[in-house]
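*Asks:* Okay, here's the prediction I keep looking at, along with the sequence it came from:
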Protein chains: 2
Amino acid sequence: MKLYGFWRSLATFRVRIALNLKNVPYEEVSIDILQGRQFDDAYRRVNPQSLVPALDTGEGPALFESLAICEYLDERFPAPPLLPKDAAGRARVRGLALVHAADTHPLIVPRIRKYLAQELKQDDAGITRWGQRWFNEASASIEQHLGEPTTGRFCHGDSVTLADLCLVSHFVGATAYFQCDMAPYPTIRRIVDECMKIDAFAQAHPLKQPGAPASLGH
Amino acid sequence: MKLYGFWRSLATFRVRIALNLKNVPYEEVSIDILQGRQFDDAYRRVNPQSLVPALDTGEGPALFESLAICEYLDERFPAPPLLPKDAAGRARVRGLALVHAADTHPLIVPRIRKYLAQELKQDDAGITRWGQRWFNEASASIEQHLGEPTTGRFCHGDSVTLADLCLVSHFVGATAYFQCDMAPYPTIRRIVDECMKIDAFAQAHPLKQPGAPASLGH
């Protein structure tokens, strides 16, 4: 499979973890979204949305949207499963995933930061305040959900689920990109630490990818 | 089942359609998100995110996030199905759904409009420009996807899927709330018209709900 992604992309991070967990061989093609390469005609033909990631499975048009790609991988390569078996558990896992992947991450992607800077004249501090606001709101609600008895070693029970893929993506965005204080969210921290002990997660980390800087400088 | 929602909420609209299509009896409890009732303690206990919708199934904590709720309903009440049978088709349907439900709608919900107005000092025109930008970008990429041969009477083949629930939600947001010109997107228009002929869609329309104004005045 061919994954179109970028080292810094939190959505690519999620898909990379899913591919690693399921031992699916893949090649990653870097689309530099900080340089605007997602708007090149060649990539627009892959993903009309000009966003990463996209997954070329070799069959039909490339798949798009990270959660749709993760669900696809879970259906095509069922082991290990990324969703629990019961409908209520699956809803909880998908809900937790969406708190980050729908209600937080899309608010801070490059096109939004660019609009905030160019159209709404926000400086770096203004953009950081914007990002922190949404990351912190999401962290608070995720932390509250993680107080439920269905939480275990991971977000839902003792096995990794789609919620954990999104939780680590959330954590990296909150801390490495927006310098959020995560002290008020100890359960998030505990589960992220648990996840990052797993190779499939560690090797997918944005700062471990080719082209990534050694650190983000803060 | 008890659906916590609000007449104007596009995410509630999606869940209402799913409940109607599957003939699931439900009672809707209105949480006035324009008046800030989602922040009341009583509702925070239902949904820590203070967003609508939430679905109380009578078993365990209320479900949250509209797409997670729709997938739950599809698993619990399989007929009629909201997803095709093949993994690639399911990925396409989920991807199309997420273009609206993750990459567009979360950018224009009340908490964001409030931040734009209060923190970034945007007037109504500025907020409308903001919304139009993201709705138009999404419409363009959805329209391009709908040029694919897997599109039929509806977004994916000739049966309603989750992509159609999100497409009508997208259309109502774009036109009724943000006055977008949809003329460049004839396939979206055609499929929305097709959907709105179905009672389950028509009866779920935001402006058909108790408490909704007769029109939005534009």
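*Replies:* Yep, it's here. Numbers count the residues shown, from 1 in each chain, chains lettered A, B, ... in the order given.

*Asks:* so where's chain A shaky on pLDDT?
*Replies:* Counting by pLDDT under 70, chain A shows low-confidence ranges at A:217-218.

*Asks:* Tell me where the longest helix sits in it.
*Replies:* In chain A, assigned by DSSP state H, the helix with the most residues is helix A:124-145.

*Asks:* elements contacting the helix or strand following that one?
*Replies:* Scanning forward in sequence from helix A:124-145 by DSSP states H and E, the next helix or strand is helix A:162-172. Counting contacts by 3 or more C-beta pairs under 8 Å, 6 or more residues apart in numbering or on different chains; DSSP states H and E, helix A:162-172 is packed against helix A:10-21, helix A:66-76, helix A:87-101, helix A:124-145, helix A:186-196. C-betas here are computed from N, CA, C, even on glycine.

*Asks:* mind redoing it with 6 Å?
*Replies:* Packing partners of helix A:162-172 (3 or more C-beta pairs under 6 Å, 6 or more residues apart in numbering or on different chains; DSSP states H and E): helix A:10-21, helix A:87-101, helix A:186-196.

*Asks:* Between helix A:66-76 and the first one, find me the angle.
*Replies:* Taking axes from the mean of the first three to the mean of the last three C-alpha atoms, to 10 degrees, one finds that helix A:10-21 is oriented at 10 degrees with respect to helix A:66-76.

*Asks:* Give me the residues contacting helix A:10-21.
*Replies:* For helix A:10-21, contacts defined as C-beta atoms under 6 Å, 6 or more residues apart in numbering or on different chains pick out A:5-6, A:26, A:52-53, A:66, A:69-70, A:73, A:105, A:165, A:169, A:173, A:200-201, A:204, A:206.

*Asks:* what about 8 Å?
*Replies:* Residues outside helix A:10-21 that contact it (C-beta atoms under 8 Å, 6 or more residues apart in numbering or on different chains) are A:1, A:3, A:5-6, A:26, A:28, A:51-53, A:55, A:66-67, A:69-70, A:73-74, A:80, A:82, A:101, A:105, A:160, A:165-166, A:168-170, A:172-173, A:198-201, A:203-206.

*Asks:* Just the CA atoms of that helix, as PDB, please.
*Replies:* Only the C-alpha atoms of helix A:10-21 are listed here, as PDB (Å, rounded to 0.1, in the frame of the first residue of the first chain):
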ATOM      1  CA  LEU A  10      -1.500  14.100  13.200                       C
ATOM      2  CA  ALA A  11      -3.900  12.400  10.900                       C
ATOM      3  CA  THR A  12      -1.100  10.500   9.100                       C
ATOM      4  CA  PHE A  13       0.200   9.600  12.600                       C
ATOM      5  CA  ARG A  14      -3.100   7.800  13.300                       C
ATOM      6  CA  VAL A  15      -3.000   5.800  10.000                       C
ATOM      7  CA  ARG A  16       0.700   4.900  10.400                       C
ATOM      8  CA  ILE A  17      -0.100   3.400  13.800                       C
ATOM      9  CA  ALA A  18      -3.000   1.300  12.400                       C
ATOM     10  CA  LEU A  19      -0.800   0.000   9.500                       C
ATOM     11  CA  ASN A  20       2.000  -0.800  12.000                       C
ATOM     12  CA  LEU A  21      -0.300  -2.600  14.500                       C
END
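
*Asks:* Find out how far it is from the centre of the chain, if you would.
*Replies:* Put simply, helix A:10-21 sits 7 Å off its chain's centre (C-alpha atoms, centre = their mean, to the nearest Å).

*Asks:* For the helix or strand that it is followed by, buried residues please.
*Replies:* Downstream of helix A:10-21, the next assigned helix or strand under DSSP H and E is strand A:27-30. Neighbour-count burial for strand A:27-30 flags A:28-30 (criterion: 16 or more other C-beta atoms under 10 Å in any protein chain shown).

*Asks:* Now that we have those, can you turn them into CSV and tack on distance to chain B?
*Replies:* Shown next, in CSV, are the buried residues of strand A:27-30 (distance: C-beta to the nearest C-beta, whole Å):
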residue, distance to chain B
A:Glu28, 19
A:Val29, 19
A:Ser30, 21
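
*Asks:* distance of the residue of chain A most remote from its centre from chain B?
*Replies:* Taking C-alpha atoms, centre = their mean as the measure, the residue most remote from the mean C-alpha position of chain A is A:Lys121, 27.4 Å away. Distance of A:Lys121 to chain B, given as C-beta to the nearest C-beta, to the nearest Å: 9 Å.

*Asks:* Confirm that that residue sits in a strand.
*Replies:* No. The assignment for A:Lys121, made by DSSP: H, G, I helix; E, B strand; the rest coil, is coil rather than a strand.

*Asks:* Please parse chain A into its domains.
*Replies:* The record's domain parsing of chain A by automatic domain parsing lists A:2-80, A:87-207.

*Asks:* who wins for proximity to B:Cys155 among these?
*Replies:* Closest to B:Cys155 of those, according to C-beta to C-beta: domain A:2-80, at 13.3 Å.

*Asks:* Out of the domains of chain A, which is closest to B:Pro184?
*Replies:* domain A:2-80 (13.6 Å).

*Asks:* The closest residue to A:Ala214 other than its chain neighbours - how many residues pack around it?
*Replies:* Distance criterion C-beta to C-beta, 6 or more residues apart in numbering or on different chains; nearest residue to A:Ala214, sequence neighbours excluded, is A:Leu207 at 7.7 Å. By the criterion of other C-beta atoms under 10 Å in any protein chain shown, A:Leu207 has 13 neighbours.

*Asks:* Okay, A:Leu207 and A:Ile127: tell me how far apart.
*Replies:* 20 Å (C-beta to C-beta, to the nearest Å).

*Asks:* A:Gln38 too?
*Replies:* Distance from A:Gln38 to A:Ile127, by C-beta to C-beta: 19 Å.

*Asks:* ok, now A:Ala183?
*Replies:* 23 Å.

*Asks:* Ok, A:Ser159 next?
*Replies:* From A:Ser159 over to A:Ile127 (counting by C-beta to C-beta), the distance is 37 Å.
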